[in-house]
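A.B. asks: just need the structure, nothing else, for what follows:
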Amino acid sequence: MAPLPGSLAIDTGNNAAATSNTDQTGAPRIVNGVVDIGSIENDNTGPPTINPVSFPDGDPGNSYSANVVVSGPGGPYSFSITQGALPDGLSITSTGSTGRIGILSGTPTTAGTFTFTLSAADSSGDTGSRDYTLKIDPAIVVNPSTLPTGFPGSGLLAKRFRPPGPRDRSPLQSLPAACPRD
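C.D. replies: Numbers count the residues shown, from 1 in each chain. Predicted structure coming up:
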């Protein structure tokens, strides 16, 4: 159990005779200097928190990039996927001098819904995790990819497009005479 904030056991005393480079929690300890009286080297306030809570959808074959920010004690952080998997073509990397920012980036190659757990750990073992679901939408295919050239009376406009909603025919009154109404 860690001392409460403001405790005299935190960062007080002299450990010049200390023989261990870590405290009882495994956190790095300053040796041969003025620090705590022995039990806890620092006052961690809990595990790191990873944000955002969700990522935007992506598209196969299109570049993808989203930032991840870690808040909380410690740092710098290293990022890893501890459960599940990222979509093929994406990876997570740490950036910045504080190691608190990660970038999920790359070009996804496969459509699907991917679930994974993203974790951030610092050198003292403090780890935070968040579960994510990332959707890579399938590409939209238009078939046929091109339409033949139309001309008046060719029948290409034989079927009228009707948008969903009320059947207001007034906009259709202005169609050219060459375009059939039904």
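A.B. asks: distance of the closest residue to residue 92 other than its chain neighbours from residue 54?
C.D. replies: Leaving aside its sequence neighbours, residue 92 sits nearest to residue 79 (CB to CB, 6 or more residues apart in numbering; 4.6 Å). Yep, even glycine has a C-beta here, placed from its N, CA and C like the rest. Distance, residue 79 to residue 54, by CB to CB, to the nearest Å: 17 Å.
A.B. asks: who's more crowded, these two?
C.D. replies: residue 79 (22 against 12; other CB atoms under 10 Å).
A.B. asks: what about the more buried one, helix or strand, and which?
C.D. replies: Using DSSP states H and E, residue 79 maps to strand 77-84.
A.B. asks: swap in residue 134?
C.D. replies: Assigned by DSSP H and E, residue 134 falls in strand 127-136.
A.B. asks: how much does that strand deviate in direction from strand 77-84?
C.D. replies: 60 degrees (axes from the mean of the first three to the mean of the last three CA atoms, to 10 degrees).
A.B. asks: tabulate the CA atom coordinates of strand 127-136 in CSV.
C.D. replies: This file holds the C-alpha atoms of strand 127-136, laid out as CSV (Å, rounded to 0.1, in the frame of the first residue of the first chain):
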residue,chain,number,x,y,z
THR,A,127,0.3,-0.1,-17.3
GLY,A,128,-3.0,1.2,-18.6
SER,A,129,-5.2,-0.5,-21.2
ARG,A,130,-8.3,0.2,-23.3
ASP,A,131,-10.4,-2.0,-25.5
TYR,A,132,-11.2,-0.8,-29.0
THR,A,133,-13.3,-1.9,-32.0
LEU,A,134,-12.1,-0.4,-35.3
LYS,A,135,-14.2,-0.8,-38.4
ILE,A,136,-12.5,-0.8,-41.8
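A.B. asks: now that strand: average pLDDT?
C.D. replies: Here strand 127-136 scores 95 as its mean pLDDT.
A.B. asks: list the buried residues for it?
C.D. replies: Buried positions in strand 127-136, judged by neighbour count with 16 or more other CB atoms under 10 Å: 127-130, 132, 134-136.
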